[in-house]
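*Asks:* below are the sequence and a predicted model; questions follow.
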Amino acid sequence: MAALALMLVGQIFYQSLAVSLLLTPLSIPMKRLYESHMAEKRKDALGLSFRDLLYSLSASFATGRQMPEALKEGLEAMRLIYPDGAPIVLELEAMAGKLFSAREDEASILGDFARRSHNDDIQSFVEAYFICRSTGGDLENLVVKSAAVIMDKMGVQKEIRTITAQKRLESKILLAIPAAMLMALQMFSPDYTAALYETAAGRLIMTAALGICALSYLWSARLTKLDI
C-alpha cells in the first residue's frame with residue numbers, strides 16, 4: 001500500500017513512471033513508521049488493560065493471595081473482559097505458563113514483562129512491587145494507588161487527545177491540499193502546469209514542494225504528539 005501511494009505521489013508531482021518507481025523504496029521507512037505507530041497503539045492498549053488487571057490483583061491480595069495466584073486469577077478475569085488475542089491476555093497466559101509449568105522465577109518473569117512492555121506505569125509498578133515484597137509493605141494499598149495514578153494519567157491523555165484532535169485533522173487537510181490542487185490543474189488545465197514537468201527548473205520546484213510537504217507532515221506529527 002505504501003509503494004502504491006508513493007507511485008501515485010510520483011505521478012502527481014513528476015508525471016513520470018520512472019520517478020514513481022524510484023520512490024517505491026521509500027516504502028521501507030514508511031513501513032517502519034507504520035510498525036512504530038501500531039506498537040504505540042498496542043502499548044496504549046496494554047496500559048489500559050493493565051489498569052483493569054490491577055483491580056483484579058488488588059482483590060486477590062485482599063484475600064491473602066500471593067502474586068502467582070493473583071496473576072492466575074487476573075488471567076481468568078481478563079478473559080472475561082478482553083478477547084483471547086488481547087495483549088494483556090497473551091502476556092498473562094505466557095506468565096502463568098512460566099510460573100506454574102516451567103517453575104521460573106517470579107522476579108525474572110515480571111521483570112521481563114515490564115521491560116518488553118515499554119510502559120512506564122508497568123515498569124514503575126513492578127519496581128514498587130519488589131520493593132514492597134522485600135520490605136514487607138502493603139501490597140494491596142500499592143495496587144490500589146497504582147490503579148488510581150494510571151486512571152489519572154489516562155484522563156489527562158484523553159483530554160490532550162481531544163484538544164489536539166482538531167489540529168491533527170487540520171494538518172492532514174493542509175497536507176492533502178497541494179496534491180489535490182495539482183491533480184485538479186492537471187485535469188482541467190494541463191498547459192498551465194506543463195513547465196513544472198517538462199523543464200529542469202520545474203522538476204526542482206516540484207522536488208522542493210514534495211520535500212516541504214514531507215517535512216511539514218513530520219513536524220505537525222511531532223507537535224501534536226505529547227507524552228506524559
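*Replies:* Thanks, I have it. Quick caveat, the model's predicted, so the values are computed rather than measured.
*Asks:* from Glu76, how far out is the residue nearest to the spatial centre of the chain?
*Replies:* In the chain, the C-alpha nearest the mean C-alpha coordinate belongs to Glu40, at 1.6 Å (Cα atoms, centre = their mean). From Glu40 over to Glu76 the distance is 29 Å, taken as Cβ to Cβ, to the nearest Å. For the C-beta atoms, the positions are set from N, CA and C on the backbone; glycine is no exception.
*Asks:* and for Leu169?
*Replies:* Per Cβ to Cβ, Leu169 is found 41 Å from Glu76.
*Asks:* just Met1 next, same as before
*Replies:* On the measure of Cβ to Cβ, Met1 and Glu76 end up 39 Å apart.
*Asks:* roughly how far apart are the residue nearest to the centre of the chain and Asn119?
*Replies:* 11 Å.
*Asks:* and the pLDDT at the residue nearest to the centre of the chain?
*Replies:* Per-residue confidence at Glu40 stands at 84 (pLDDT).
*Asks:* next helix or strand past the helix or strand it falls within?
*Replies:* Using DSSP states H and E, the element containing Glu40 is helix 27-62. Using DSSP H and E, the helix or strand that follows helix 27-62 in sequence is helix 67-81.
*Asks:* relative to helix 27-62, how tilted is the helix or strand just after that following helix?
*Replies:* Per DSSP H and E, the first helix or strand lying C-terminal to helix 67-81 is helix 87-100. Interaxial angle of helix 87-100 relative to helix 27-62 (axes from the mean of the first three to the mean of the last three Cα atoms, to 10 degrees): 60 degrees.
*Asks:* can I get helix 87-100 in PDB, CA atoms only?
*Replies:* Extracted as PDB, the C-alpha positions of helix 87-100 are listed here (Å, rounded to 0.1, in the frame of the first residue of the first chain):
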ATOM      1  CA  PRO A  87      -2.100  -8.200  24.600                       C
ATOM      2  CA  ILE A  88      -2.800  -8.500  28.300                       C
ATOM      3  CA  VAL A  89      -4.400 -11.900  27.900                       C
ATOM      4  CA  LEU A  90      -1.400 -13.200  25.900                       C
ATOM      5  CA  GLU A  91       1.100 -11.800  28.400                       C
ATOM      6  CA  LEU A  92      -0.800 -13.300  31.400                       C
ATOM      7  CA  GLU A  93      -1.000 -16.700  29.600                       C
ATOM      8  CA  ALA A  94       2.700 -16.700  29.000                       C
ATOM      9  CA  MET A  95       3.400 -15.700  32.600                       C
ATOM     10  CA  ALA A  96       1.100 -18.300  34.000                       C
ATOM     11  CA  GLY A  97       2.800 -21.000  31.900                       C
ATOM     12  CA  LYS A  98       6.200 -20.000  33.100                       C
ATOM     13  CA  LEU A  99       5.200 -19.700  36.700                       C
ATOM     14  CA  PHE A 100       3.200 -23.000  37.100                       C
END
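*Asks:* appreciated, that's everything.
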